[in-house]
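K.L.:
Quick one: sequence and predicted model below, then my questions.
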Amino acid sequence: MRWFVPFCVALTACTAPATQPSYVEAPATTLPSCQADAKWTEPAPPLHIYGNTWYVGTCGISSILIASPQGHILIDGGVNDAAPLVEANIRGLGFRIADIRYILNSHEHYDHAGAIAQLQRDSGAVVVAREAAARAFERGRGDRSDPQLLSIESFAPIANVHRIGAGETLTLGPVRLTAHATPGHTPGSTTWTWESCEGKQCVHVVYADSLTAISDDVYRYSDETQHPGVAAAFRNSIATVAALPCDILLTPHPDASAMWSRLGNNADTALIDHDACRRYAANASGKLDARLAQERASAKH
């Protein structure tokens, strides 16, 4: 039986396994990078981001691997058919699928959670999510609290999801990831932060969840009767991301943070940008304001 690292949150010590899983310092890929507006299932080369952090997703949807000698953490799996692409990238970097200990997620939509059930089966990893996302994972779709419920596909249900609370920290060996509740795009939207180091230089990495106010034709963010407090919570989520220590911004949709201008052989912009999270949040705030104004104007007619 494969040894599992215990589920750990803030202030809880984790004991490393007696036999460490293999860990390979893989060289940076020489394959070409992706282009903006790529399809969600377009294969991408695996890319080294910084320190222990790697890009293993497709050109259109992010999947992030955080490696350690005690095992690895994967964030997001892509659409239903993306598991083989993600796994090929992980193996291509020299890592083992069996050494993935935890699978995390940005939010409970099929384009980011669709492949998680398969990745969980193939790795034996523990899936970790905040409560609202965990409930949707176990059903294979959200409920009416999801703004896009009527316009998105379901996904394969995910079994045995472990809950993590806002502000709690998941620890695996030297890696510590903090879960930040950033609801709005979905109720379970979660932004993850961690520190990644190269030698003595450490940076704050932020995997900021989607902050776009988008919905099906029925949902209204401004409807305080059906969805009380949602707009205010969304604004708080945007403020949360803006206030995070942020040196490297990553996002579930690479285009949302111009990742392909910062990663790969075609990169022409600095990877480290201390203002990236504030700009990302400011853009989201403007779009939320526009959406709420549109809803108010529509209500008058």
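P.N.:
Good, I have the coordinates. Small disclaimer: the values here were computed from a predicted structure and weren't measured.

K.L.:
if I look at the residue positioned nearest the centre of the chain, how far off is residue 64?
P.N.:
Centroid check for the chain by Cα atoms, centre = their mean gives residue 106 as the closest residue, at 3.5 Å. Distance of residue 106 to residue 64, given as Cβ to Cβ, to the nearest Å: 10 Å. No exception for glycine: its C-beta is placed from N, CA and C like everyone else's.

K.L.:
which residues are in contact with both of these two?
P.N.:
Counting by Cβ atoms under 8 Å, 6 or more residues apart in numbering, the contacts common to residue 106 and residue 64 are 75, 76, 207.

K.L.:
Report the buried residues of the longest helix belonging to the chain.
P.N.:
The helix spanning the most residues in the chain, taking DSSP state H as the definition, is helix 276-300. Judged by neighbour count (16 or more other Cβ atoms under 10 Å), helix 276-300 contains these buried residues: 276, 277, 278, 280, 281, 284, 285, 288, 291, 292, 295.

K.L.:
And those, which is closest to residue 269?
P.N.:
Closest approach between those and residue 269, by Cβ to Cβ: residue 276, at 10.1 Å.

K.L.:
Let me know the helix or strand that the closest residue to that closest one other than its chain neighbours is in.
P.N.:
Distances taken as Cβ to Cβ, 6 or more residues apart in numbering place residue 249 nearest to residue 276, at 3.8 Å, with adjacent residues excluded. If you go by DSSP states H and E, residue 249 is part of strand 248-250.

K.L.:
Adjacent strands (with direction) for that strand?
P.N.:
strand 201-207 (parallel) (DSSP bridges).

K.L.:
returning to what we had before: was I right to think the residue nearest to residue 276 contacts residue 273?
P.N.:
Yes - contact criterion Cβ atoms under 8 Å: residue 249 and residue 273 qualify, at 6.8 Å.

K.L.:
neighbour-wise, which of these two wins?
P.N.:
More neighbours surround residue 249 than the other of residue 249 and residue 273, with 27 against 17 (other Cβ atoms under 10 Å).

K.L.:
contacting residues for that one?
P.N.:
Counting by Cβ under 8 Å, 6+ apart, residue 249 has contacts 206, 208, 257, 273, 276, 277, 280.

K.L.:
separation between the fifth one and residue 206?
P.N.:
Going from residue 276 to residue 206 by Cβ to Cβ gives 8 Å.

K.L.:
Need the residues touching each of the two.
P.N.:
Counting by Cβ under 8 Å, 6+ apart, the residues touching both residue 276 and residue 206 are 246, 248, 249.

K.L.:
Count the residues that sit near residue 233.
P.N.:
18.

K.L.:
how about it, secondary structure?
P.N.:
Assigned by DSSP: H, G, I helix; E, B strand; the rest coil, the conformation of residue 233 is helix.

K.L.:
which ones are touching residue 77?
P.N.:
63, 83, 86, 103, 105, 112, 113, 114, 115, 116, 118, 119.

K.L.:
Just the element for the last one, please.
P.N.:
Assigned by DSSP H and E, residue 119 falls within helix 116-123.

K.L.:
again with the fourth one
P.N.:
Secondary structure assigned from DSSP H and E places residue 103 in strand 100-104.
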